[in-house]
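Undergrad: 3D, please:
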Amino acid sequence: MSDSDRILILLATFNGGKFLEEQLNSFLSQSDSKWDLLVSDDGSTDSTLKILEGFKEKTKGYHTVQILRGPQAGHARNFLSLIARVPEVTSFIAFSDQDDVWLPQKLSRARAKIEVAMRGSAPILYAASSYIYDEARNVKKRSPTFRRAPSFGNALVQSIGGGNTMMLNAPAIKLLKAAAQEADAIVVHDWWIYQIISGCGGVVIRDPEPMLYYRQHEGNSIGANRSLQSKLERIRQVSERRYAGWNEINISTLQASHQRLTPEAQNILSHFSKARHGGPLSRLLALYRSGVYRQTILETVALYLACSVRRL
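TA: A predicted model of the protein is given here:
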């Protein structure tokens, strides 16, 4: 393995001092030691920058650590800015949150899965499962196991991989860097990445094995569970048109990268967009023709119900 095959970890931080050292130490515990770190800090006022500078000094000579000033425009925009700053020659990127703990084989397993799937110049996205635990490191559950195949038809209406588990190869990096320049706004970076890679003919690998401990706490940007409470929250998001607002952003962003999408993805996007306008029957017919689906039958039925009451 040459130095050109090093993995660049992209870490977005903001006032993450409470758990950041654990996250950084889990990088050092990786069985695949060929990684470097690019950090974008969004104006932290706690101990975050001090911890990062200490880590940079500690790893000097082994890992390159670069700390950049973030755009200070929210979590999603911070990750977009990181993607834009990835050097053109990078072979792999892996995304990281500031408050998780990676399992030692996380990078090596992701690299191996991608290398097995490599064919020609296809963009490849790898995403894994997670153990979900609380602030005291008590494991509560595993993230959901998705049974239906990943595809653009699924990506339009559902995100199935946490950004903190994702790794991408060089063609995928090139694609994301180009699409990021076209994106005026995104809902969250991992959902957008799934949409772009699947919509542009890339390969999506969903590994059912957990590769990190996802810490769930009050300071999280986004939670990750399938409890009754989370399901009720999704119902509320639909009823308050927040889900419709997210779809509006997603459609607009994907249309900005329309020329990059495959003809099949363009057709799916067109029908899905039509499913949000017109009369009830025409909306439902357009949704059916789009072929979009969520990972369970009940969730897909709920999607059609949302369409019928103009909440899509």
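
Undergrad: residue 93: which element?
TA: strand 92-96 (DSSP states H and E).

Undergrad: could you do residue 212 as well?
TA: Using DSSP H and E, residue 212 falls in strand 203-215.

Undergrad: buried sites along that strand?
TA: 203, 204, 205, 206, 210, 211, 212, 213, 214, 215 (16 or more other C-beta atoms under 10 Å). Any C-beta I mention is one placed from the backbone N, CA and C, and that applies to glycine too.

Undergrad: if we can go back for a sec, ok, residues contacting the next helix or strand after the strand holding residue 93?
TA: Moving toward the C-terminus from strand 92-96, the next helix or strand (DSSP H and E) is strand 101-102. Contacts to strand 101-102, defined as C-beta atoms under 8 Å, 6 or more residues apart in numbering, come from residues 22, 23, 26, 27, 29, 30, 96, 137, 211, 212, 213, 215.

Undergrad: for the following helix or strand past strand 101-102, packing partners?
TA: Going down the chain from strand 101-102, the next helix or strand is helix 106-117, by DSSP H and E. Here helix 106-117 touches strand 92-96, strand 124-133, strand 167-169, strand 203-215, going by 3 or more C-beta pairs under 8 Å, 6 or more residues apart in numbering; DSSP states H and E.

Undergrad: do that again at 10 Å, thanks
TA: Applying 3 or more C-beta pairs under 10 Å, 6 or more residues apart in numbering; DSSP states H and E, we find helix 106-117 packed against strand 7-13, helix 17-28, strand 92-96, strand 124-133, strand 167-169, strand 203-215.

Undergrad: buried ones in the host helix or strand of residue 286?
TA: Assessed by DSSP H and E, residue 286 sits inside helix 280-290. Neighbour counts using 16+ other C-beta under 10 Å place 283, 284, 286, 287, 290 of helix 280-290 among the buried residues.

Undergrad: and those, which is closest to residue 146?
TA: residue 290 (19.4 Å; C-beta to C-beta).

Undergrad: does the closest one really touch residue 269, like I thought?
TA: Yes - taking contacts as C-beta atoms under 10 Å, residue 290 lies within contact range of residue 269: 8.0 Å.

Undergrad: count the neighbours of residue 199 for me.
TA: Look at residue 199: counted by other C-beta atoms under 10 Å, it has 25 neighbours.

Undergrad: ok, now which ones touch it?
TA: 151-153, 155-156, 179, 254, 257-258, 260-262, 264-266, 268-269 (C-beta atoms under 10 Å, 6 or more residues apart in numbering).

Undergrad: mind doing that once more with 7 Å?
TA: The contact partners of residue 199, taken as C-beta atoms under 7 Å, 6 or more residues apart in numbering, are 152, 155, 254, 261, 262, 265.

Undergrad: what's the PyMOL line that selects buried ones from those?
TA: Buried residues within the contacts of residue 199, by 16+ other C-beta under 10 Å, are selected in PyMOL with:
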select buried, resi 152+155+254+261+265
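
Undergrad: sort out which one of the contacts of residue 199 lies nearest residue 54 for me.
TA: Nearest to residue 54 among the contacts of residue 199: residue 155, at 38.7 Å, using C-beta to C-beta.

Undergrad: what residues of the host helix or strand of residue 300 count as buried?
TA: If you go by DSSP H and E, residue 300 is part of helix 297-308. By neighbour count with 16+ other C-beta under 10 Å, helix 297-308 contains the buried residues 300, 302, 303, 306, 307.

Undergrad: reformat those residues as JSON lines; add distance to residue 60.
TA: Shown next, in JSON lines, are the buried residues of helix 297-308 (distance: C-beta to C-beta, whole Å):
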{"residue": "300", "distance to residue 60": "51"}
{"residue": "302", "distance to residue 60": "52"}
{"residue": "303", "distance to residue 60": "51"}
{"residue": "306", "distance to residue 60": "52"}
{"residue": "307", "distance to residue 60": "55"}
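
Undergrad: okay, those residues in TSV with distance to residue 188 and pLDDT next?
TA: Converted to TSV, the buried residues of helix 297-308 look like this (distance: C-beta to C-beta, whole Å; pLDDT from 0 to 100):
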residue	distance to residue 188	pLDDT
300	21	97
302	20	94
303	19	96
306	19	95
307	22	96
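
Undergrad: ok so, going back, need the winner for burial among the helices and strands packed on helix 106-117.
TA: Comparing the helices and strands packed on helix 106-117 by mean neighbour count (mean count of other C-beta atoms under 10 Å), strand 167-169 ranks first with a mean of 26.

Undergrad: beyond that strand, next helix or strand please.
TA: Using DSSP H and E, the helix or strand that follows strand 167-169 in sequence is helix 170-182.

Undergrad: list the contacts for residue 291?
TA: So residue 291 contacts 153, 268 (C-beta under 7 Å, 6+ apart).

Undergrad: what does it show for phi and psi?
TA: phi 80, psi 10 (degrees, to the nearest 10).

Undergrad: and what of residue 5?
TA: Main-chain dihedrals, residue 5, degrees, to the nearest 10: phi -100, psi 20.
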